[in-house]
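Asks: Just need the structure, nothing else, for what follows:
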Amino acid sequence: MLIKKIANYNLYLCSQSPRRRELLQGMDLNFEIIKSNVEESYPSSLSPIEVVEYLSNLKLSAIPLEQYPENSIFIGCDTIVVMDQKIMGKPADEKEAFEIITQLSGRKHNVITGVTVATKKRRITSHRTTMVSFKDFTPEEIDYYIKQYKPYDKAGGYGIQEWIGFIGIDHIEGSFYNVMGFPTKLVYDMLTEIIQD
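Replies: Residues are numbered from 1 along each chain as shown. Here you go, the predicted model:
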């Protein structure tokens, strides 16, 4: 069982996201946070799936793994929102958040998270995709959400665990937690795999 085996390892989450921290805690795993300072840029030729896998790897590449104990495991993640093959980034301000959510309103989009799990000797990368279907939002609903929740740190300008998710999600296909930015089952499976090696 992973929880027993991983007790012999030092686990590090390379993310400042409070949502990822909350979900990893919910998996009953002990870990420490490492800040990874990287510019989240990527080659324009990459597909959306390649982008999240590239960025999850990049975040770990900024960590000096050799300075940590041999029994260390590192987790890096990146999440994007994609509609019509276009990546909907984090809004810079209220106006941009309004524009993004208006585009998502009444339509389906994909949330893709790339995950990289690494030790000093091995690195594995994978991803999960979840389809989210939104209801048609009124301008007043969008404006209310943005003013109340200020979702400027969120891919696609929204958090599924917030008010807009409560009132706006018609249905999803795939992992709910993936939409929060941390596909918990995938992470569990990847940790299990890397420990067994």
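
Asks: Centre of the chain to the edge, which residue is at the far end?
Replies: Distance to the chain centre peaks in the chain at residue 140, reaching 28.0 Å (criterion: C-alpha atoms, centre = their mean).

Asks: For that residue, report the pLDDT, please.
Replies: If you check residue 140, the pLDDT there is 98.

Asks: same thing with the one 5 residues further on?
Replies: Per-residue pLDDT puts residue 145 at 98.

Asks: same deal with the one 10 residues further on?
Replies: Residue 155 is assigned 94 on the pLDDT scale.

Asks: go on, residue 162?
Replies: 97.

Asks: Other residues contacting the helix or strand hosting the residue farthest from the centre of the chain?
Replies: Residue 140 is located in helix 139-149, with elements delineated by DSSP states H and E. The list of residues contacting helix 139-149 from outside it, by C-beta atoms under 8 Å, 6 or more residues apart in numbering, reads 94, 97-98, 101-102, 105, 151, 157-159, 162-164, 167-168. From N, CA and C alone the C-beta is placed, and that goes for glycine too.

Asks: Of those, keep whichever come out buried.
Replies: 97, 98, 101, 105, 151, 157, 158, 159, 164, 168 (16 or more other C-beta atoms under 10 Å).

Asks: now stretch 22-34, how far from the centre of its chain.
Replies: Put simply, stretch 22-34 sits 14 Å off its chain's centre (C-alpha atoms, centre = their mean, to the nearest Å).

Asks: Mind listing what's buried along it?
Replies: Neighbour counts over stretch 22-34 (16+ other C-beta under 10 Å) mark 23, 24, 27, 29, 31, 34 as buried.
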